[in-house]
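Asks: what's the 3D shape of this:
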Amino acid sequence: MKKIIFTFVGIIIFLFSCDTFEVEPTSIISLEKIYVEDVKKLITKKSYLEAFQYLSRLEREVHEVSQEDILLLKEETISGIIDQLNEALQKQEFLSALNYLLSLQNISYQHKIEKISESELRLRIAEIYLQNGNDQIALLEYLNILNDFSIETTKLQQLLELAENSYNIAAIKRIVNVMQKNKQPISTKYINLAKQITPIYKMVEGTVTIWVNRGVKMDRGVGRPDISIGSGFFIDKRGYILTNYHVIASEVDPEYEGYSRCYVLLSDNPEQKIPAKVISFDKIFDLALLKTEVTPKYIFSTVNDQNMLTGDKITVIGSPVGLENTVTAGIISSTGRRILQLGDAIQIDAPVNFGNSGGPVISEHSLLLGLVFAGLEEFEGLNFALPTKWINKLIARLFSDKEITHYWTGIALKETAKGLEVIYVMPGAPAFHAGIQVGDIIKKVNSQEHNKIVNIQSLLLEYVQPALISLTISRNDKVFDAIICLKPRPFIPLETALDRDTKLNLLYPLFGMKLEKVGTYLWENHYQVQRVLEGSIAEEIGISELDSIYIRGWAFDEENKIVLVKILAKRRKKGFLEGIVYLPVLLKTNFFI
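Replies: Below is the predicted model:
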């Protein structure tokens with residue numbers, strides 16, 4: 001990271017004049033007033049979810065529109081959503097139907113639905129997966145509703161057989177516990193299987209080396225092989241493999257124009273390169289699903305009932321620098337590390353090197369804890385893994401989507417003593433259209449209290465297409481509900497914001513300092529610090545409220561996704577002495593929902 005920053009600082013010059021800092025964005029239409037005609041156009045296009053979001057804001061903010069007119073439009077919109085739900089049911093598109101049903105629940109209109117419940121829909125989704133041969137995904141879906149839905153004994157016995165055939169001891173254990181609790185008959189064989197611990201050598205048979213040949217790379221006139229090496233592990237009897245996106249990026253990156261061929265090397269025959277195809281990927285969580293024509297000798301289960309604690313012993317299997325079947329051991333150094341744009345990670349101290357990326361992290365009880373992602377330049381020397389809880393939220397979509405799209409509100413949050421405070425709203429994002437403002441406090445999401453950003457991010461992963469959610473907002477001692485229609489999330493939100501918003505507005509989410517213009521001196525704008533966020537970059541360098549700030553330069557390193565601002569600061573803590581300060585920040589932040 002230091003190398004990137006120093007290189008970046010070296011190319012800084014006087015970039016933009018201060019005037020460009022405050023130019024209002026031109027690509028976003030102001031939504032201070034929302035007209036009924038706009039809602040009617042959305043209804044005509046059958047964009048009922050988005051129409052309801054606007055109606056919610058109309059009802060809350062625009063008093064010129066009669067409540068009777070709004071009520072009539074709401075009834076028409078709700079009828080449209082119900083029609084879309086019924087149409088999805090008729091087509092057996094149960095994931096879409098679930099999305100509509102959850103939307104109606106979130107806005108308290110579930111009483112309009114009589115035909116089907118959420119648990120029944122989830123059961124049908126599980127059955128479809130089972131019929132299509134997606135045994136592992138079906139198992140996960142059934143396990144998610146075991147405690148909510150009464151499943152007949154014969155079906156549970158079928159699930160036990162599926163779990164046994166794929167060495168899914170964790171699934172067997174969970175099903176056995178439920179059957180014993182419900183006093184359902186169960187074979188002694190499965191009671192004993194639930195107690196088994198799989199030896200590591202057996203799990204090694206389920207791992208592979210990922211080998212991506214990118215041809216020849218020229219370095220100072222000399223050609224050398226350009227090879228990307230990683231690790232992976234089987235998660236399905238049909239030859240599906242889980243690994244990191246960054247290992248196979250050249251296979252699917254539209255901007256990559258060179259040669260790229262992906263192969264896997266099996267643990268028992270590392271000399272043979274077997275062609276592999278990228279089925280899907282998730283850039284944000286750094287995941288990819290591959291397919292080979294191989295019947296695996298061992299299948300890893302993402303089912304995991306074990307709570308991960310700091311100090312727990314772990315084992316990592318992978319191919320560091322191409323040395324296949326390498327097993328290393330260590331402990332969990334920490335949990336809950338917020339180093340990805342969504343979710344969190346576990347930090348491990350097991351030796352991890354180039355080539356370990358995508359390998360499994362295993363508990364001392366032989367449960368899959370997560371997937372290693374190594375080689376992140378900004379965290380060089382530290383080792384991390386993506387926990388199975390996040391993999392399980394994505395794995396079904398990895399089997400159905402080419403590239404996973406995440407849905408979001410467009411809100412950046414800060415965890416404060418007052419609660420989850422809005423520090424930025426992306427222009428043009430759902431929350432922008434819903435009227436959410438900087439300074440709002442989110443008290444609840446879908447009527448449930450949340451005080452952690454990561455928990456809301458986890459909740460939003462449930463939605464696989466546009467959907468309605470309800471936010472309970474506190475603003476100026478007033479509490480109200482705002483309805484938001486989730487839309488696709490950009491890969492790096494703040495990079496998109498650079499094109500949509502003023503740089504002055506972006507200083508708050510990027511560096512944690514909120515500025516207000518107080519005057520102009522010699523064609524240079526003078527700002528005063530109104531607020532500094534706790535734990536922000538601004539606080540770390542000693543900037544505090546009422547400090548004087550002059551913006552002297554702004555640069556964006558597109559390749560490394562770094563923004564750097566040059567400021568002249570007169571800091572109260574230093575007797576208002578002037579000093580030039582460079583503020584660098586990575587755009588891949590983790591505070592958006």
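Asks: Can you tell me who the nearest residue to Leu265 once chain neighbours are set aside pairs with across the strands?
Replies: Nearest residue to Leu265 in three dimensions, chain neighbours excluded: Thr209, at 4.1 Å (Cβ to Cβ, 6 or more residues apart in numbering). C-beta here means a position set from N, CA and C on the backbone, and glycine is covered the same way. For Thr209, the beta-bridge partners are Ser231, Leu265 (DSSP bridges).
Asks: Would you confirm that Thr209 contacts Thr326?
Replies: No. Look at Thr209 against Thr326 with Cβ atoms under 8 Å: they stay out of range, at 9.8 Å.
Asks: quick one, which of those two is more surrounded?
Replies: Shown here are Thr209 and Thr326; by other Cβ atoms under 10 Å, Thr209 has more neighbours (25 against 21).
Asks: How much space separates that one from Tyr263?
Replies: Taking Cβ to Cβ, to the nearest Å as the measure, Thr209 falls 9 Å from Tyr263.
Asks: so how many other residues sit close to Glu495?
Replies: Number of residues near Glu495 (other Cβ under 10 Å) recorded here: 15.
Asks: same check, this time on Ser458
Replies: 17.
Asks: can you confirm it is in a strand?
Replies: No. Checked against DSSP: H, G, I helix; E, B strand; the rest coil, Ser458 lies outside a strand; its state is helix.
Asks: need the contact list for it.
Replies: With contact set as Cβ atoms under 8 Å, 6 or more residues apart in numbering, Ser458 has these partners: Gly343, Lys389, Lys393.
Asks: May I see the residues you listed arranged in JSON lines, with distance to Ile241, secondary structure and neighbour count as well?
Replies: Shown next, in JSON lines, are these (distance: Cβ to Cβ, whole Å; DSSP: H, G, I helix; E, B strand; the rest coil; neighbours: other Cβ atoms under 10 Å):
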{"residue": "Gly343", "distance to Ile241": "21", "secondary structure": "coil", "neighbour count": "23"}
{"residue": "Lys389", "distance to Ile241": "20", "secondary structure": "helix", "neighbour count": "15"}
{"residue": "Lys393", "distance to Ile241": "19", "secondary structure": "helix", "neighbour count": "18"}
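Asks: from these, which single one is nearest Gly215?
Replies: Gly215 has its nearest neighbour among the contacts of Ser458 in Gly343, at 34.3 Å by Cβ to Cβ.
Asks: Over to the closest one: give its phi and psi.
Replies: When read as degrees, to the nearest 10, the backbone of Gly343 gives phi 70, psi -160.
Asks: ok, now Glu421?
Replies: phi -100, psi 130.
Asks: Pull the contacting residues for it.
Replies: With Cβ under 8 Å, 6+ apart, Glu421 has these contacts: Leu413, Lys414, Glu415, Gly439, Asp440, Ile441, Ile442.
Asks: Repeat that for Asn165.
Replies: Going by Cβ under 8 Å, 6+ apart, Asn165 touches Asp135, Lys237.
Asks: how many neighbours does Asp83 have?
Replies: There are 13 residues near Asp83, going by other Cβ under 10 Å.
Asks: quick one: it is in a strand?
Replies: No. Assessed with three-state DSSP, Asp83 is helix; it does not lie in a strand.
Asks: which residues do Thr209 and Thr326 both contact?
Replies: Ser319.
Asks: about what we covered before: quick one: the contacts of Ser458 as TSV, columns for pLDDT and distance to Phe234 too.
Replies: TSV is the format used below for these (pLDDT from 0 to 100; distance: Cβ to Cβ, whole Å):
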residue	pLDDT	distance to Phe234
Gly343	95	23
Lys389	93	20
Lys393	94	20
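Asks: mind pulling up the phi and psi values for the nearest residue to Leu146 once chain neighbours are set aside?
Replies: Distances taken as Cβ to Cβ, 6+ apart put Val178 closest to Leu146, at 4.9 Å, once the chain neighbours are dropped. Recorded main-chain torsions at Val178 are phi -70, psi -40, according to degrees, to the nearest 10.
Asks: contacting residues around Val178?
Replies: Leu146, Asn147, Leu156.
Asks: go on, Val445?
Replies: Val445 touches Ile456, Leu459, Ile469, Ser470, Leu471, Thr472, counting by Cβ under 8 Å, 6+ apart.
Asks: Looking at these, point me to the pair that's furthest apart.
Replies: Most distant of the contacts of Val445, by Cβ to Cβ, are Leu459 and Thr472, 13.9 Å apart.
Asks: Mind pulling up the pLDDT for the residue nearest to Gly318 when sequence neighbours are not counted?
Replies: In space, Gly318 comes closest to Gly359 once its chain neighbours are excluded; the distance is 3.1 Å by Cβ to Cβ, 6+ apart. pLDDT for Gly359: 95.
Asks: about what we covered before: same list (the contacts of Ser458) but as JSON lines, adding distance to Leu73.
Replies: Converted to JSON lines, the contacts of Ser458 look like this (distance: Cβ to Cβ, whole Å):
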{"residue": "Gly343", "distance to Leu73": "37"}
{"residue": "Lys389", "distance to Leu73": "40"}
{"residue": "Lys393", "distance to Leu73": "35"}
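Asks: Out of those, which comes closest to Glu87?
Replies: Using Cβ to Cβ, these come closest to Glu87 at Lys393, 26.6 Å.
Asks: Name all residues that make contact with the closest one.
Replies: Lys393 touches Ser458, Leu461, Glu462, counting by Cβ under 8 Å, 6+ apart.
Asks: distance of it from Val208?
Replies: Counting by Cβ to Cβ, the gap from Lys393 to Val208 is 24 Å.
Asks: same question, Val222
Replies: Separation of Val222 from Val208 (Cβ to Cβ): 31 Å.
Asks: which non-adjacent residue is nearest Ala429?
Replies: Nearest non-adjacent residue to Ala429, counting by Cβ to Cβ, 6+ apart: Gly410, 2.2 Å away.
Asks: For the one you found, grab the count of nearby residues.
Replies: Based on other Cβ under 10 Å, the number of other residues close to Gly410 is 26.
Asks: Can you pull the poorly scored residue ranges out of the chain?
Replies: By pLDDT under 70, the weakly predicted segments of the chain are 1-34, 305, 374-381, 574-577.
Asks: Would you mind giving the domain segments of it?
Replies: 2-24+502-586, 135-196, 197-398, 407-488 (automatic domain parsing).
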